[in-house]
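# Mind looking at a prediction? Sequence and model below.
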Amino acid sequence: MKTTIKQWGINAEGIGYLHHKPVFIKGALPDEVVSFTLEKEMPRYSIGHLQSILKESPRRRKSPCAYADQCDGCALMHVDYKGQCQMKMQILKQTLAKYAGYRGKINPLIKNESVLGYRNSCKMPVKQVDGKIRLGMYKAESNTFVSIPRCIVHQKGLEQTRQMLESIFNTYSMQAYDFQTESGLRTVVIKEFEEKIQVILVTGQDILDAAMLKEISQLEHVVSLWQSMKTDNSVDIYGKEMRLLYGQETMELHLDDLVLQLLPRSFFQLNTRQAYRLYHYVKDLIQPCDVLVEAYSGIGAMSLMLAKKAKKVIGIEYIEDAVKNANENTQRNHLKHVSFVCEDAGKALRDMKETIDALVVDPPRTGLDALMKEVILKKQPNQIVYVSCNPSTLAKDLKQLQEIYQIKSVQPFDMFSQTQHVECVVLMSKK
């Protein structure tokens, strides 16, 4: 069978048609003519398997990554950067129109200055492959492990450290995690900020080899080494117990005149440079006010960047370590009018006595929950800035918020080049 690909799918598939039914074909690009076989047929759509490209798109390129077809981590490696930006703009435009009824202006995508080597952290599962420890990824929607010898979206120092760690683990005959014995290495987490590196080894109930730990601590740029013990099957990548094995307890990051410190469990945007640009963009949107609230505030980076915009700033975050980090960062930067609470965002906002002038929300991919939207519509802050990493949930949330608010601007950012993901900042004000 053959078809002409008409448009992008939300997960970077090409969409063609067979008997007027859409067919999603992974690896195909708009304007290409492809041959395919049917993998799955559903009542409203089908999934096809790409066999060959009969007419190639000018946006297609040879993937710079040798492992892109195996790990599925970067769905757009075979697309040039112009094509990637076009895909993200198309998906955002279609999604906002479909779910939010918004067909207004969308500002041009703020592009990533470093389309490779931009990612500041990685969380890589560990498996035994042919008797050797390997760090890798799982194929999308499967338990199939793929060993990744080299990842080109990682920052240079982070990737060099990852490769050296794998070598050290094998030198000391480290074993992958065994669920029966509750021992071995489960996941390796590496973070790099300002050329300094933190390593977190997620293991079972292991006493790690002292010589191995010493060798890891002597790697260039490594300033912090932790062990997290995890024997349960919860979705949290870390166990309850965290041990500092070497060096600094926290990582340090500078944003303008702010000094931020991050504990191991704390999250920061994966693209440091683009995060900085996004924070400044949000800062420029906010009008000076009395009370500003940031929901889903993490370690407080954005709240602290916005500190000069309000007489009082309150951040809400449910991760305890992040809140601890945020309040410490507030004290470190002498911002007495900024504070953070550890609570569910909707509940904390509901219980606030203050009149909220401006609200910034940066929720997870699932978007705002029902309580949060209910409270926003009841509290009615004058200004809302919605920072989203998922166009679908963003658009569905905007549809409900438009009962009271109007969309003033939509600004996409390319935070994650080579992938289908797009970050978006939406400014809303009361009608």
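Yes, it's here. Numbering: from 1, shown residues only.

# for Y99, what are its contacts?
S392, A395, K396, L398, K399 (CB atoms under 8 Å, 6 or more residues apart in numbering). Where you see a C-beta, it was placed from the backbone N, CA and C, and this is true even at glycine.

# Check what pLDDT the nearest residue to it once chain neighbours are set aside gets.
With sequence-adjacent residues excluded and distances taken as CB to CB, 6 or more residues apart in numbering, Y99 is closest to A395, at 3.5 Å. Note on A395: pLDDT of 97.

# tell me the secondary structure for A395?
Look at A395: counting by DSSP: H, G, I helix; E, B strand; the rest coil, its state is helix.

# how many other residues sit next to it?
23 (other CB atoms under 10 Å).

# Can you name the residues that contact it?
T95, L96, K98, Y99, A100, Y102.

# ok, now L244?
By CB under 8 Å, 6+ apart, the neighbours of L244 are S224, L225, W226.

# and with 10 Å instead?
For L244, the contact set (CB atoms under 10 Å, 6 or more residues apart in numbering) comprises S224, L225, W226, Q227, T250, P264.

# Would you quantify the distance from the third one to E159?
Translated: W226. In this view, W226 and E159 are 20 Å apart by CB to CB, to the nearest Å.

# Likewise for the fourth one?
The gap separating Q227 from E159 is 22 Å, by CB to CB.

# Check the fifth one too.
Counting by CB to CB, the gap between T250 and E159 amounts to 23 Å.

# what secondary structure does the residue lying closest to G101 once chain neighbours are set aside sit in?
Spatial nearest neighbour of G101, chain neighbours left out: K399 (6.6 Å); criterion: CB to CB, 6+ apart. Judged by three-state DSSP, the three-state class of K399 is helix.

# What's the local residue count around K399?
Residues near K399, counting by other CB under 10 Å: 15.

# try the one 5 residues further on
Neighbour count for I404, taken as other CB under 10 Å: 15.

# ok, it touching E374?
No - at 11.9 Å, I404 does not count as touching E374 under the criterion of CB atoms under 10 Å.

# Centre of the chain to stretch 118-131, how far?
17 Å (CA atoms, centre = their mean, to the nearest Å).

# now that stretch: mean pLDDT?
96.

# just the strands in the stretch 151-300 of the chain please.
185-193, 196-203, 222-229, 241-247, 251-255, 258-262, 289-295 (DSSP state E, counting those that start in this stretch).

# where does the second one sit relative to the chain's centre, distance-wise?
From the chain centre to the centre of strand 196-203 is a distance of 19 Å (CA atoms, centre = their mean).

# Quick check: which helices or strands does it pack against?
strand 121-129, helix 156-171, strand 185-193, helix 210-217, strand 222-229, strand 241-247, strand 251-255 (3 or more CB pairs under 10 Å, 6 or more residues apart in numbering; DSSP states H and E).
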